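Participant: sequence plus the predicted model coming up.
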Amino acid sequence: MSDKSLQQWEQERLDSTLRDIEEQIRTIGPRYTGDDFTEQMLDLQREERKRRLEIARKEPYFGRMDFQELSQDGRKPDAPEHVQALYIGKAGVAKNGSNELLVIDWRAPAASMFYSFTGGDDPAVYDSPDGEVTGYVHLKRNFMIRGAEIVRLVDSYVRGQEEGAVSDEFLLYRLGENKDNKLRDIVSTIQGEQDRIIRAERSKALFIQGVAGSGKTTVALHRLAFLLYQYEGRIRAERMMIFAPNRMFLDYISGVLPELGVGDIGQTTFSDWAVELLEHDIKLADPSDTMAYWFEEHRTSEELEQASGRWKGSIAFKETIDERLNELQASIVPTAEFIPLDGFRLSPETMREWYDTDYGEEAIMVKRDRLASRIKRWLESELKHRGVADKKKRSAALAKLNSFVKRIPSFTAVGLYITLFKGKQALTQVPKPIAKATAERMAAGIAAAEDLAPLAYIHLRLYGLKVPAFDHIVIDEAQDYSPFQLETLRLCQRTTSMTVLGDLQQGIHSYAGIQNWNELMGLFAEKDTGFFELNRSYRSTMEIIDFANIILSGMTGGVKPAVPVFRSGDPVVTEPVTDEHWLPKLHATVSEWLQDGGYDTISVIGRTARECEEIHQYLTAQGLAASLVQSKQPTYGGGLTVVPVYLSKGLEFDAVLIADAGSDNYDKLDAKLLYVGCTRALHKLKLLYRGSKSTLIDREQPQE
Ligand SMILES: Nc1ncnc2c1ncn2[C@@H]1O[C@H](COP(=O)(O)OP(=O)(O)OP(=O)(O)O)[C@@H](O)[C@H]1O
């Protein structure tokens, strides 16, 4: 077929698919509003079908794979009609009134080949519920469909053609596009290494170490959509939770799941979640104070080593708390008899038996409260049984009950946490300034981020989880998590099922996070964990990745350079500038990019919030519509932004200007920060520097 007729043929196939979809939507009819339960259920099913059809109507499919299944004995059927064309889209669609599939869902077993097939003449294999299916791939075709038209068609593999391997042409085309203020789905170009993570089995703690731009966040979101499809009825969206570093990041990723047709998955930050779990008994200290302390001034490695967050996030601290909770637990059952009236005796042994056997696995305070109610019930029944009617006697007995029950220890999480830092039982190993600051904060009802994991943990051990346990959790930027945080979240799951992703090379919050993945993985039995590495970076051009790798090479501790996809762009430029010309130069560069660059998102990345405020003020005074990103910001609006480097993590921009990569701003300890900043750029990266250039990038670079 000529290219023209091929495109025509596919367009006709698309037209007919769209007609079928329209017809199906039209016949679904209005919603049922009556009281009949069966009808209501049927209505819900129809609505769900309509929702899928509406997703399909926008862009019915993005790929086609021609597949010829081998028979059981491995023979290849000769007849060409055995080659099946599978059209793959975001939602599966059956032909109106039949079982024939017009489109298969990207998460279906057969669709996995579309992602895992790398070319060559050998048979391809995929797992289906009925076992392995083997066959030959004849064609892999990518489409871009906009407004019912095929605007791009690329054959990335044709059997028998010389190249043999699946080409990256369509991927490169997609990567070359500009980005707006929201992360997007990648269903049409998921790569094999990413697909393996998306489809990995659910009942594990899956750890993903991926270089900047390797698609970790995107892959984790696609994995959620896959799990919901694959384990339909067994896991529920409302019981899945995404933990992300801040509200702005959550806003940035908020478009992906709806694009994939998935709703209702909770999204939160660890801080917000913990404060809610603690029923707002405490307020969170302003996170910008912590940020300011660690990022507005240079900090030494000793300061990092001694950071209170490190200690409070450690398993050693958790174990200390466990000991304290065990002591509390042991002190709950009274050791004295309860004698409310002469002749009435309740022995400690009976109370111990109630506590130990009747309330089994319940949380400590729940068991305590049940024990108290049981003692009360015992007294009521004794009074009744023995016919005590005398009011005076009864109230004396009740008064004794009240004082007896009051003496059974009772704690809130905050109350117990304070005892670790203040008073007779204060821990002796805590450095005095940390103990004093923590106790003072707690007394004022304020917790720092580092207090939240211990507080939430104590609360869970004392009172248990009052909402359903999580079926699956995603933890993004997990290199900034402490082992204690993960232990706390683990208490909220019946069985381990989590996707934990991050990049140690971007671990800029090392005053609280981990140094290596074993710190987190070691919390689980080996059989319950999986580990994946993503080393290819999809975000940036080769030039940008090569440049960022120079910064990496200055880091210690087994760093892995990112491997670029073969997408070339402008060279990265570093340029000296005097103090006097610094702001005008920033303005001139950004203006030029705005006018000629054709970029949708541009960011000026500063070292500190102070520096960013200065830049922002100058740019706006020059008439540019720039927005300033601050630490408590709930949304990210795209366009031109000025952002402190430590808040840029997770985001990406078509063009990035590092405002000042001088050695005063980025010393050896700041390699991760500068790496984060540079890897935010998709197509264009430029670094200005005042004074001498940071040694982190002091290699020969082309000058403008
Ligand atoms: N297979 C793919 N096809 C097309 N685009 C992709 C693919 N994988 C990743 N991307 C794009 O690469 C960019 C980076 O993805 P993402 O933000 O998920 O990476 P990340 O590993 O979480 O990055 P970082 O750690 O730097 O924040 C996004 O624009 C995403 O759409």
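Facilitator: Thanks, I have it.
Participant: from here on, contacts and neighbour counts on C-alpha atoms
Facilitator: Fine.
Participant: which stretches of the stretch 151-300 of the chain form helices?
Facilitator: 169-175, 192-198, 216-230, 247-253, 256-259, 270-277, 287-291 (DSSP state H, counting those that start in this stretch).
Participant: pull the residues that contact the second one.
Facilitator: Okay, so that is helix 192-198. 112, 115-118, 215, 219-220, 222-224, 226, 532, 534 (Cα atoms under 8 Å, 6 or more residues apart in numbering).
Participant: give me the buried subset of the residues you listed.
Facilitator: The neighbour count (16 or more other Cα atoms under 10 Å) marks 112, 115-118, 215, 219-220, 222-224, 226, 534 as buried among those.
Participant: least confident of those residues?
Facilitator: Lowest pLDDT within the buried ones among the contacts of helix 192-198 is found at T118 (86).
Participant: which residues touch the residue lying closest to it once chain neighbours are set aside?
Facilitator: Using Cα to Cα, 6 or more residues apart in numbering and skipping the chain neighbours, the partner closest in space to T118 is V166 (5.4 Å). Residues in contact with V166, defined by Cα under 8 Å, 6+ apart, are 117-119, 140, 156-157.
Participant: if we go to 6 Å?
Facilitator: V166 is in contact with 118-119, 156-157, counting by Cα atoms under 6 Å, 6 or more residues apart in numbering.
Participant: which of those tops the neighbour count?
Facilitator: If you count neighbours using other Cα atoms under 10 Å, the busiest of the contacts of V166 is Y157, which has 25 neighbours.
Participant: give the contact list for that residue.
Facilitator: So Y157 contacts 139-140, 166 (Cα under 6 Å, 6+ apart).
Participant: which ones among those residues map onto strands?
Facilitator: 139-140 (DSSP state E).
Participant: where does the residue most central in space within the chain fall, phi/psi-wise?
Facilitator: Centroid-nearest residue in the chain, with Cα atoms, centre = their mean: D476, separated by 3.3 Å. Backbone torsions of D476, given as degrees, to the nearest 10, read phi -90, psi 150.
Participant: separation between it and Y32?
Facilitator: Distance, D476 to Y32, using Cα to Cα, to the nearest Å: 41 Å.
Participant: and if you look at L647?
Facilitator: 48 Å.
Participant: between the two, which is the more surrounded one?
Facilitator: L647 (26 against 14).
Participant: thinking again about what came up before, out of the contacts of helix 192-198, which are close to the ligand?
Facilitator: Filtering the contacts of helix 192-198 for proximity to the ligand by Cα under 6 Å from any ligand atom leaves G215.
Participant: so which of the contacts of helix 192-198 is the closest to the ligand?
Facilitator: Using Cα to the nearest ligand atom, G215 is the member of these that lies nearest the ligand, at 3.2 Å.
Participant: which residue, neighbours along the chain excluded, lies closest to the closest one?
Facilitator: Closest to G215 by Cα to Cα, 6+ apart is Y538, at 7.0 Å.
Participant: same question, T488
Facilitator: Y457 (5.1 Å).
Participant: what about that neighbour, helix or strand, and which?
Facilitator: helix 449-463 (DSSP states H and E).
Participant: list of residues touching that helix?
Facilitator: Against helix 449-463 from outside (Cα under 6 Å, 6+ apart): 274, 309, 363-366, 413, 485, 488.
Participant: run a quick neighbour tally on the residue nearest to G215.
Facilitator: The burial count for Y538: 24, using other Cα under 10 Å.
Participant: quick one: contacts for the residue in the stretch 451-600 of the chain that the ligand sits nearest to?
Facilitator: As assessed by Cα to the nearest ligand atom, the ligand sits closest to R539 within the stretch 451-600 of the chain, at 4.0 Å. Counting by Cα under 6 Å, 6+ apart, R539 touches 213, 682.
Participant: and the stretch 601-704 of the chain, which residues reach the ligand?
Facilitator: 649-650.
Participant: chain neighbours aside, what residue packs nearest to the closest residue to the ligand within the stretch 601-704 of the chain?
Facilitator: Nearest residue of the stretch 601-704 of the chain to the ligand: G650, at 3.4 Å (Cα to the nearest ligand atom). Nearest non-adjacent residue to G650, counting by Cα to Cα, 6+ apart: F249, 6.9 Å away.
Participant: hang on, the earlier thing: so which of the buried ones among the contacts of helix 192-198 is the closest to L619?
Facilitator: G215 (32.2 Å; Cα to Cα).
Participant: give me the phi and psi for that closest one.
Facilitator: phi 90, psi 20.
Participant: also S381?
Facilitator: Torsion angles, degrees, to the nearest 10, at S381: phi -70, psi -40.
Participant: which parts of this protein sit against the ligand?
Facilitator: 171, 174-175, 184, 186, 189-191, 210, 212-218, 538-539, 649-650.
Participant: are any of these buried, and which?
Facilitator: 171, 175, 184, 186, 189-191, 210, 212-218, 538-539, 649-650.
Participant: tell me which helix or strand of this protein sits lowest on mean pLDDT?
Facilitator: helix 301-305 (a mean of 60; mean pLDDT, DSSP states H and E).
Participant: now the element after it, going C-ward?
Facilitator: By DSSP H and E, the next helix or strand past helix 301-305 is helix 308-312.
Participant: could you point out the helix or strand that follows that following helix?
Facilitator: helix 315-330.
Participant: could you list every helix and strand in contact with that next one?
Facilitator: With contacts defined as 3 or more Cα pairs under 6 Å, 6 or more residues apart in numbering; DSSP states H and E, helix 315-330 has no helix or strand neighbours.
Participant: output that helix as PDB - backbone C-alpha positions only.
Facilitator: Extracted in PDB, the C-alpha atoms of helix 315-330 (Å, rounded to 0.1, in the frame of the first residue of the first chain):
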ATOM      1  CA  ILE A 315      14.700   2.800  63.500                       C
ATOM      2  CA  ALA A 316      16.600   3.200  66.700                       C
ATOM      3  CA  PHE A 317      14.200   5.900  67.800                       C
ATOM      4  CA  LYS A 318      11.300   3.800  66.800                       C
ATOM      5  CA  GLU A 319      12.600   1.000  68.900                       C
ATOM      6  CA  THR A 320      13.000   3.300  71.900                       C
ATOM      7  CA  ILE A 321       9.400   4.300  71.400                       C
ATOM      8  CA  ASP A 322       8.400   0.600  71.100                       C
ATOM      9  CA  GLU A 323      10.000   0.000  74.500                       C
ATOM     10  CA  ARG A 324       8.100   2.900  76.000                       C
ATOM     11  CA  LEU A 325       4.800   1.600  74.500                       C
ATOM     12  CA  ASN A 326       5.600  -1.900  75.800                       C
ATOM     13  CA  GLU A 327       6.100  -0.400  79.300                       C
ATOM     14  CA  LEU A 328       2.800   1.400  79.000                       C
ATOM     15  CA  GLN A 329       1.100  -1.800  77.800                       C
ATOM     16  CA  ALA A 330       2.500  -3.700  80.800                       C
END
